[in-house]
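**Q** quick one: sequence and predicted model below, then my questions.
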Amino acid sequence: MKLYVCWGTLQTPRPPHGHPCHNAHKALVEAGHDPEVVKVRGLGIGPRFLHQMTDGRREVERISGQRAVPVLVTDDGSVVAGARRIIDWAEQNPAG
């Protein structure tokens, strides 16, 4: 499984619930998964003219139809986009 993130999985002071990439990664690890973390860098949120496209962002857009991360690609090839959806998926699909 691959988890596409922006610059990393560290928590940042981002109200109200912290950084989405961190939250998605944390949920997967707590569910017993060990995702390959792919850092896409750039910027994929906000108005499109502000997006900083990288090869990683292009890959995320190809896979999910969007430029924003986090995006999870499961071992069976399913795509789960967005931190809340990834957290829900992790809770419903514990490893083992």
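**A** Right, received. Where do you want to start?

**Q** what's the burial count for the residue nearest to residue 8 when sequence neighbours are not counted?
**A** Leaving out its chain neighbours, the residue that sits closest to residue 8 by CB to CB, 6 or more residues apart in numbering is residue 39, at 6.3 Å. Where you see a C-beta, it was placed from the backbone N, CA and C, and this is true even at glycine. When counting by other CB atoms under 10 Å, one arrives at 16 neighbours for residue 39.

**Q** residue 55 is in contact with residue 39, correct?
**A** No. The pair residue 39 / residue 55 is not scored as a contact, 11.2 Å apart, by CB atoms under 8 Å.

**Q** do a quick rundown of the strands in this protein.
**A** For the chain, the strands defined by DSSP state E occupy 2-5, 36-39, 71-73, 79-81.

**Q** which one is the residue most central in space within the chain nearest to, not counting chain neighbours?
**A** With distances taken as CA atoms, centre = their mean, the residue of the chain nearest its centroid is residue 70 (1.6 Å). Using CB to CB, 6+ apart and skipping the chain neighbours, the partner closest in space to residue 70 is residue 24 (4.1 Å).
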